[in-house]
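1. after the sequence you'll find the predicted model.
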Amino acid sequence: MRIAFFTNNYLPNVYGVPMSVETLRKEFESRGHEVFIFAPNYYDYQDANKNVFRYPSVDINIKFRLPLGIPYSSKMDKILENLDLDIIHSQHPNLLGSAAMKWAKEKNIPLVFTWHTLYDQYTNFVPFLPAKLTAKWVIKNAVKYANGADVVVVPTESVTPIIQKWGVENKIIPIATGVVEEEFLNANKNEIRSKYGIKENETLLLLVSRLTAEKNINFVFDAVAEILKKDANAKFMLVGDGYLLPELKIKAKSENLEERIIFAGIIERENIKNHYAAGDIFVYASKSETQGMIITEAMYMGLPIVAVKATGIESLVENNVNGILTSEDKNEFILAVKNLIEKRDLRERMSLESARIVREKYTSKICAEKMLTVYNEAIKNKKA
């Protein structure tokens, strides 16, 4: 099968959508399929993959860098005209998503669209426009796009009723982005705990996330800070970067927690497994996820989860089985974390359950096979 991905966000960014695309690409190619990726140009990044093609872009850096692809290019048109494709998989409803739809129609092949994001939660990235107005427009545009695709994929089943309520009438299939098991082999927890002076009797609370408002970072930071003030044997590590980082460092200093809160920054992909392994409890409060790939990664590494109950997360974390889901109430969140700190046997039981759930449902191999089934059915229906 010859598959084309169109995405507005790709390498060198290493957040959700780029990692979803990369995970599927690797799995598909390992099965003998040919994958082509169309993405915005990064002027200072060189692709090692010869099947990555870059549309011209406007280099935007509002809160974090995200070049905006321009969906018009005679060079890309010539490349696409000569590509014999079986299916196009779009990751976004706008910009290069419009090019994906155009070429699917021209080639008369199926268009699969993954609805990755609860777009109304990301209006803070659009400056100078009212959030409600922006959200309404973005959702309306995404719904129209979804209804024009052949199949809509969502990362977890909890997203389905939301986008149906917004107006999506097309077929919706939940398929998560799976964990690439090979990336998490032979993790070394002692390397990270030793590096940051985390003692064996200390509990490490871990957060891996972009440090931005839509991830509800201030909520989880403030809750954990309260725990650290009362528990001298707890520490907190934040892995990631974002525009809230300077503010968080000031908070840590003002609370006299500089020695207890570790800002690890952006970690190379091959080393992220060691940070997960070093943690004891994964804490998370984002309400903007459709899946939360880092949750499945943390689960794969055997971490119990304490998270605010929200779309995407509630499909992965089974309450009181492999973690604890709370409301967005700081005291409730704190009590849940303290419960796992104090009850080691409960923590160990939830750790085993996290690892089991991912291996049964959310590995990249399992999820890639589900996606290939969707592709084959879409191609079959298109020809019927």
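-> Sure thing, it's come through.
2. this protein: helices as residue ranges?
-> 16-30, 74-81, 96-107, 131-148, 160-166, 189-195, 217-230, 245-254, 272-278, 293-300, 313-316, 330-342, 344-361, 364-383 (DSSP state H).
3. nearest approach to residue 113 belongs to which of these?
-> Closest of the helices of the chain to residue 113 is helix 131-148, at 5.8 Å (criterion: CB to CB). Just so you know, the C-beta spots here come from the backbone N, C-alpha and C atoms, and that holds for glycine as well.
4. mind listing what's buried in stretch 362-382?
-> Buried residues in stretch 362-382, counted by 16 or more other CB atoms under 10 Å: 362-364, 366-368, 371-372, 374-375, 378-379.
5. most neighbours per residue, which of the helices of the chain?
-> Highest mean neighbour count among those (mean count of other CB atoms under 10 Å): helix 293-300, with a mean of 25.
6. one step back: right, and the helices of the chain - which one's nearest residue 261?
-> helix 245-254 (4.4 Å).
7. got a list of contacts for that closest one?
-> With contacts defined as CB atoms under 8 Å, 6 or more residues apart in numbering, helix 245-254 is touched by 211, 217, 221-222, 225, 238, 258, 261, 263.
8. and the residues you listed, which two are furthest apart?
-> 217 and 258, at 17.8 Å, using CB to CB across those.
9. which of the helices of the chain has the lowest mean pLDDT?
-> Mean pLDDT per stretch puts helix 131-148 lowest among those, at a mean of 87.
10. packing partners of that helix?
-> helix 96-107, strand 111-114, helix 160-166 (3 or more CB pairs under 8 Å, 6 or more residues apart in numbering; DSSP states H and E).
11. how about the helices of the chain in JSON lines, adding distance to residue 2?
-> Below are these laid out as JSON lines (distance: least, CB to CB, whole Å):
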{"stretch": "helix 16-30", "distance to residue 2": "10"}
{"stretch": "helix 74-81", "distance to residue 2": "12"}
{"stretch": "helix 96-107", "distance to residue 2": "11"}
{"stretch": "helix 131-148", "distance to residue 2": "22"}
{"stretch": "helix 160-166", "distance to residue 2": "29"}
{"stretch": "helix 189-195", "distance to residue 2": "41"}
{"stretch": "helix 217-230", "distance to residue 2": "41"}
{"stretch": "helix 245-254", "distance to residue 2": "42"}
{"stretch": "helix 272-278", "distance to residue 2": "31"}
{"stretch": "helix 293-300", "distance to residue 2": "26"}
{"stretch": "helix 313-316", "distance to residue 2": "32"}
{"stretch": "helix 330-342", "distance to residue 2": "47"}
{"stretch": "helix 344-361", "distance to residue 2": "29"}
{"stretch": "helix 364-383", "distance to residue 2": "11"}
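12. out of the ones you listed, which comes closest to residue 323?
-> Of those, nearest to residue 323 by CB to CB is helix 344-361, at 6.0 Å.
13. off-centre distance for the closest one?
-> Put simply, helix 344-361 sits 21 Å off its chain's centre (CA atoms, centre = their mean, to the nearest Å).
14. my guess is residue 58 contacts residue 71. True?
-> No: in this structure, residue 58 is not within contact of residue 71 by CB atoms under 8 Å, at 11.9 Å.
15. my read: residue 355 touches residue 298, true?
-> No: counting by CB under 8 Å, residue 355 stays clear of residue 298, with 10.3 Å between them.
16. dump the helices and strands packed on helix 131-148 to TSV, plus distance to residue 89.
-> TSV is the format used below for these (distance: least, CB to CB, whole Å):
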stretch	distance to residue 89
helix 96-107	8
strand 111-114	5
helix 160-166	18
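17. minimum distance to residue 43: which of those has it?
-> Across these, closest to residue 43 is helix 96-107 (CB to CB), at 16.9 Å.
18. would you map out the domains in the protein?
-> Following automatic domain parsing, the chain resolves into domains at 2-178+363-383, 181-361.
19. end to end, how far does the shortest one reach?
-> It stands for domain 181-361. 13 Å (CA to CA, to the nearest Å).
20. centre of the chain versus that domain, how much separation?
-> On CA atoms, centre = their mean, the centre of domain 181-361 falls 15 Å from the chain's centre.
21. ditto for stretch 345-362
-> On CA atoms, centre = their mean, the centre of stretch 345-362 falls 20 Å from that of its chain.
22. again with stretch 154-162
-> For stretch 154-162 - counting by CA atoms, centre = their mean - the centre lies 14 Å from the chain centre.
23. ok, residue 214 to residue 318 distance?
-> 25 Å (CB to CB, to the nearest Å).
24. of the two, which one has the most company?
-> Set side by side, residue 214 and residue 318 show more neighbours around residue 214, with 19 against 15, by other CB atoms under 10 Å.
25. state the pLDDT value of the more buried one.
-> So residue 214 comes in at 88 (pLDDT).
26. residue 288 is in contact with that one, correct?
-> Yes: contact between residue 214 and residue 288 holds when scored by CB under 8 Å: they sit 4.5 Å apart.
27. residue furthest from the geometric center of this structure?
-> The C-alpha centroid of the chain is most remote from residue 384, which lies 35.1 Å away (CA atoms, centre = their mean).
28. for that residue, give its distance to residue 224.
-> From residue 384 to residue 224 the distance is 54 Å (CB to CB).
29. residue 175: neighbour count?
-> The burial count for residue 175: 21, using other CB under 10 Å.
30. got the contact list for it?
-> With CB under 8 Å, 6+ apart, residue 175 has these contacts: 153-155, 367, 370-371, 374.
31. now do 10 Å
-> Applying CB atoms under 10 Å, 6 or more residues apart in numbering, one finds that residue 175 lies in contact with 24, 114, 153-157, 291, 366-371, 373-374.
32. right, I'll leave it there.
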